[in-house]
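Asker: Any chance you could fold what I've pasted below:
(one chain, ligands or ions: 1)
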Amino acid sequence: MDETLSALDLAAVEERIAGGTTQRRGEAVMARGEGCWLWDTAGRRYLDLTAAQGVAMLGHCHPVLSRAIAEQAHTLISCPNFFYQETRARFVDKLASVLPQHLGHVFLANSGAEAVDGAIKFARLATGRTGLVAAMRSFHGRTVGAVSLTWEPKYRKPFEPLLEVAHVPYNNLEKLAEAVTENTACVVLEVVQGEGGVHVGDAAFLQGAQQLCRERGALLVLDEIQTGFGRTGRWFGLEHYGLEPDIICLAKGLGAGFPMGAIAYTEPVQAALYPGAHGTTFGGNPLACAAGLAALQVYQEGVIEQAAGRGRLLFDRLNAVLGERRIVREVRGLGLMVGIELREKAGRYLKALMDDHGVLALPAGSNVLRLLPPLVISEEEIEIGVQAIASVLPE
Ligand SMILES: Cc1ncc(COP(=O)(O)O)c(C=O)c1O
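Answerer: This is a model prediction of the structure:
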């Protein structure tokens with residue numbers, strides 16, 4: 001590429017070649033990141049309370065992660081899956097040590113949606129059934145299988161007919177009980193609905209869903225793609241509820257920003273698989289596994305316990321500063337996954353946060369401002385974010 005291109009030229013090039021499905025946020029061209037901060041090509045810095053869509057759990061360019069990727073890049077980048085491979089072996093061993101013990105098997109993929117699609121296939125194989133049940137307001141990704149489970153009509157309608165899925169209201173056990181039949185292969189749920197508005201699952205609903213699945217021979221699949229790896233203040237969201245799902249889907253924090261996904265599952269699910277039942281060229285690639293291994297090692301150094309405390313601080317400060325404002329309907333969340341539900345659409349406030357304060361946040365649904373900061377966010381950075389949010393929301 002021409003090195004003399006200005007930031008505006010770069011934006012135009014990207015738009016011409018790779019635009020089309022993404023609605024961009026202004027014209028900033030991002031150049032580099034460090035910790036909770038991003039810098040654009042004009043040298044402006046931004047406090048990233050999105051962790052790049054909930055993936056940069058250790059902040060941007062954490063030195064341990066960057067070093068591990070660089071070292072692996074000089075050693076072995078590609079290796080066919082039909083060979084054993086050292087970095088992958090170390091990674092899956094470490095992953096197994098942090099996963100719930102009953103989920104003793106993993107399939108390595110490249111993204112969240114790919115993990116979800118794989119989970120559908122595994123559940124169908126393991127049960128010999130085809131039916132799928134998911135929740136309203138759910139988000140599970142964009143591939144054909146994952147978008148079938150996703151509820152939001154604007155994401156799914158144009159692509160119908162999709163896989164047939166019964167969508168039931170989240171946190172409504174009665175409706176779930178009506179939907180799970182003798183043909184249900186699996187019930188797929190998030191423990192906290194992220195994209196759908198940061199709705200925290202009720203213990204009675206999630207535990208009841210598990211019970212129902214057991215009684216009726218369906219599998220419980222938890223989508224922990226957004227909630228996994230410390231996002232909710234525990235390794236996995238399921239720990240808050242004492243759940244023992246048959247399958248969990250992982251991505252985002254798995255590689256702490258390096259693209260990878262995984263499905264973790266039980267022995268009975270493993271027993272239904274056979275060579276060739278599923279596969280991927282890139283899943284389990286050495287670079288991704290080096291990143292995942294480094295991320296897990298850093299998470300184990302107290303990062304997740306610290307994230308729980310920072311989550312409480314963020315929640316308390318938001319409530320203290322915004323609690324009385326009429327525009328705020330509710331502040332809710334779990335750990336460092338926080339939603340501020342407004343009585344208005346969130347878009348203009350997100351824009352003001354970025355343009356006027358250099359603070360990045362996400363929407364969830366149309367009227368929720370969602371915060372998914374890196375787990376390593378400091379108390380000072382939390383305060384900068386809270387003050388910026390307070391400045392853009394009307395008194
Ligand atoms: C809960 C959940 N499931 C699935 C996905 C899809 O993951 P990916 O974008 O890596 O395909 C996401 C992404 O935001 C998610 O939040």
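Asker: Pick out the residue in the protein sitting closest to the ligand.
Answerer: Per C-beta to the nearest ligand atom, G112 is where the chain lies closest to the ligand, at 2.2 Å. Glycine gets a C-beta too; all of them are placed from N, C-alpha and C.
Asker: Next up, the contacts around that residue.
Answerer: Contact analysis of G112 by C-beta atoms under 8 Å, 6 or more residues apart in numbering lists H140, G141, A146, D223, I225, C249, L250, A251, K252, G261.
Asker: export stretch 207-223 as PDB, just CAs?
Answerer: The C-alpha trace of stretch 207-223 is given here as PDB (Å, rounded to 0.1, in the frame of the first residue of the first chain):
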ATOM      1  CA  GLN A 207     -31.100 -24.400  36.500                       C
ATOM      2  CA  GLY A 208     -34.600 -25.300  35.500                       C
ATOM      3  CA  ALA A 209     -33.500 -25.400  31.800                       C
ATOM      4  CA  GLN A 210     -30.700 -27.900  32.800                       C
ATOM      5  CA  GLN A 211     -33.200 -30.000  34.700                       C
ATOM      6  CA  LEU A 212     -35.700 -30.000  31.900                       C
ATOM      7  CA  CYS A 213     -33.000 -31.000  29.400                       C
ATOM      8  CA  ARG A 214     -32.000 -33.900  31.600                       C
ATOM      9  CA  GLU A 215     -35.500 -35.100  32.000                       C
ATOM     10  CA  ARG A 216     -36.300 -34.900  28.300                       C
ATOM     11  CA  GLY A 217     -33.100 -36.200  26.900                       C
ATOM     12  CA  ALA A 218     -32.000 -32.900  25.200                       C
ATOM     13  CA  LEU A 219     -28.600 -31.400  25.600                       C
ATOM     14  CA  LEU A 220     -28.000 -28.000  27.300                       C
ATOM     15  CA  VAL A 221     -25.600 -25.900  25.300                       C
ATOM     16  CA  LEU A 222     -24.300 -22.800  26.900                       C
ATOM     17  CA  ASP A 223     -22.900 -20.000  24.700                       C
END
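Asker: Mind listing residues that contact that stretch?
Answerer: For stretch 207-223, the external contacting residues (C-beta under 8 Å, 6+ apart) are 112, 116, 119, 123, 126-127, 129, 131, 133, 138, 140, 173, 176-177, 180-182, 184-191, 237-238, 241-249, 269.
Asker: Can you read off the pLDDT for Y299?
Answerer: Per-residue pLDDT puts Y299 at 98.
Asker: what's the answer for the one 10 residues further on, then?
Answerer: For G309, the pLDDT comes out at 98.
Asker: Please identify the helix or strand for it.
Answerer: Taking DSSP states H and E as the definition, G309 sits inside helix 304-322.
Asker: after that helix, next one along is what?
Answerer: The helix or strand immediately downstream of helix 304-322 is strand 328-334, counting by DSSP H and E.
Asker: In strands, which of the contacts of stretch 207-223 appear?
Answerer: The strands, defined by DSSP state E, take in G131, V133, T184, A185, C186, V187, V188, L189, E190, I247, I248, C249 from the contacts of stretch 207-223.
Asker: Touching, the third one and R124? I think so.
Answerer: No. With contact defined as C-beta atoms under 8 Å, T184 does not count as touching R124 (10.6 Å).
Asker: And these two? Which one has more around it.
Answerer: More crowded of T184 and R124, by other C-beta atoms under 10 Å: T184, with 22 against 17.
Asker: ok, now which ones touch that one?
Answerer: R129, G131, L132, V133, R216, A218.
Asker: Show me the domain layout of the chain.
Answerer: As assigned by automatic domain parsing, the chain contains the domains 23-61+304-392, 64-298.
Asker: At which residues are the helices of the stretch 201-350 of the chain located?
Answerer: 203-216, 267-272, 286-298, 304-322, 347-357 (DSSP state H, counting those that start in this stretch).
Asker: need those in a markdown table with distance to the ligand and mean neighbour count, can you?
Answerer: A markdown table is the format used below for those (distance: least, C-beta to the nearest ligand atom, whole Å; neighbours: other C-beta atoms under 10 Å):
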| stretch | distance to the ligand | mean neighbour count |
| --- | --- | --- |
| helix 203-216 | 15 | 17 |
| helix 267-272 | 19 | 14 |
| helix 286-298 | 13 | 24 |
| helix 304-322 | 17 | 18 |
| helix 347-357 | 17 | 16 |
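Asker: Columns distance to V92 on top of these, output as CSV?
Answerer: Below are the helices of the stretch 201-350 of the chain laid out as CSV (distance: least, C-beta to C-beta, whole Å):
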stretch, distance to V92
helix 203-216, 26
helix 267-272, 13
helix 286-298, 8
helix 304-322, 20
helix 347-357, 38
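Asker: sorry, back to before: need the contact partners of the helix holding G309.
Answerer: Under C-beta under 8 Å, 6+ apart, the answer for helix 304-322 is 229-235, 328, 331, 333-338, 340, 371, 373, 375-377, 379, 382-383, 385-387, 389-390, 393.
Asker: how far is the helix or strand of the chain with the lowest mean pLDDT from where the chain is centred?
Answerer: Within the chain, confidence by mean pLDDT, DSSP states H and E is lowest for helix 7-18 among all helices and strands, at a mean of 81. Put simply, helix 7-18 sits 28 Å off its chain's centre (C-alpha atoms, centre = their mean, to the nearest Å).
Asker: Which SSE is immediately downstream of that helix?
Answerer: strand 30-34.
Asker: Touching that following strand from outside, list them.
Answerer: Here strand 30-34 has contacts from L38, W39, D40, T41, D48, A52, A56, G59, H60, C61, using C-beta under 8 Å, 6+ apart.
Asker: what do you get if the cut-off is 7 Å, keeping everything else the same?
Answerer: Contacts to strand 30-34, defined as C-beta atoms under 7 Å, 6 or more residues apart in numbering, come from residues L38, W39, D40, T41, H60, C61.
Asker: Next: stretch 167-176.
Answerer: Contacts of stretch 167-176 (C-beta under 7 Å, 6+ apart): 133-137, 151, 179, 193, 199, 201-202, 204-205, 208-209, 212.
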